[in-house]
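# Fold the stuff below for me.
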Amino acid sequence: MAYSPAIVVNQVCKAFSLPHERIVTLKGALLKALRGRSGKDTFVALKGVSFSVQPGEVLGIIGANGSGKSTLLSMIARIYLPTSGQVTTRGRVCALLGLGAGMNPELSGRDNVFLNAALYGLRRQQVEARYGAIADFSELGDFMLAPMRTYSSGMFTRLAFAVAVHLDPDILLLDEVLAVGDEHFSRKCSEKLVEIRSSGATIVLVSHQLRQVAQLCPRAIWLHHGEMMMDGPTDQVAEAYVSKCG
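Residues are numbered from 1 along each chain as shown. Model (predicted):
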């Protein structure tokens with residue numbers, strides 16, 4: 001049986017406008033006039049990227065810093081809109097794209113669970129039914145009642161991940177979040193991702209840890225300066241990436 005893709009990225013380009021430099025000298029003004037504006041005021045983060053992801057698939061995205069990985073994830077999450085091309089998704093998208101994103105550091109961990117879940121459209125009764133599982137998974141104990149400004153980066157990640165994976169996402173987007181925290185929690189997260197995948201959810205994972213990508217993702221995409229260099233089995237993509245970029 002053929003299924004409609006959970007994610008379709010079609011010839012997507014993304015350019016960001018850069019702030020104009022402040023001209024404080026006559027020499028600077030002359031240099032700016034001589035070089036003109038050709039391409040100097042924009043940064044092209046993605047260049048004609050296309051791929052699709054099927055329901056239940058786990059896709060890894062690898063590449064050096066500045067290759068466009070986080071930008072791509074942000075576009076799938078609808079945080080950014082493409083300059084050209086199209087991104088379509090099917091179902092509820094939950095994203096962990098930055099440490100503490102969607103969390104208020106002045107609120108307690110418990111209050112942030114309800115706040116974060118509300119951002120994804122869950123009613124309070126639905127969150128209350130999940131709260132015990134979220135708190136248990138995070139292993140934060142009494143810290144759930146403490147302001148999140150008192151949390152370490154690892155504690156932030158524990159809670160953010162616990163919330164996201166208990167919201168029944170159709171698509172789960174993860175940007176380097178498994179790199180923060182101890183080995184025990186990282187292993188626990190990996191096991192939870194396998195469980196989520198078995199439920200039919202789609203997972204897209206950005207990570208610099210190639211071993212982690214190889215363990216979790218049968219398929220990977222390699223981005224380089226905004227261009228998609230390769231899309232295929234993770235071991236082959238990782239080998240090509242390492243041979244070129246070290």
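
# Tell me where the protein has helices.
For the chain, applying DSSP state H gives helices covering 26-35, 69-76, 109-119, 124-138, 153-165, 183-198, 210-216, 234-245.

# If you average pLDDT over each of these, which is lowest?
Least confidently modelled of the helices of the chain is helix 26-35, at a mean of 59 by mean pLDDT.

# For Gly63, find the nearest of the helices of the chain.
For the helices of the chain, proximity to Gly63 was assessed by C-beta to C-beta; helix 69-76 is nearest, at 5.4 Å. Heads up, the C-betas are built off the backbone N, CA and C, glycines and all.

# quick one: the nearest residue in space to Met230 that is not next to it in sequence from Phe156, how far?
Nearest residue to Met230, sequence neighbours excluded (C-beta to C-beta, 6 or more residues apart in numbering): Trp222, at 4.5 Å. Look at Trp222 and Phe156: by C-beta to C-beta, to the nearest Å, they are 29 Å apart.

# Which residue of the two possesses the greater neighbour count?
Trp222 (25 against 22; other C-beta atoms under 10 Å).

# what sits opposite the more buried one in the beta ladder?
Taking DSSP bridges, one finds Ile62, Met230 as the beta-bridge partners of Trp222.

# which residues touch it?
Shown in contact with Trp222 (C-beta atoms under 8 Å, 6 or more residues apart in numbering): 62-63, 228-231, 237, 240-241.

# And Ala220, by the same measure?
Counting by C-beta under 8 Å, 6+ apart, Ala220 has contacts 59-62, 213, 231-234, 237-238.

# Leu193 now?
By C-beta under 8 Å, 6+ apart, the neighbours of Leu193 are 58, 165, 172, 203, 205, 216.

# Distance check, the one residue sitting closest to the centre of the chain against Met144.
When C-alpha atoms, centre = their mean is applied to the chain, the residue found nearest the centroid is Asp175 (3.5 Å). For Asp175, the distance to Met144 (C-beta to C-beta) stands at 24 Å.

# Also Gln236?
Distance of Gln236 to Met144, computed by C-beta to C-beta: 43 Å.
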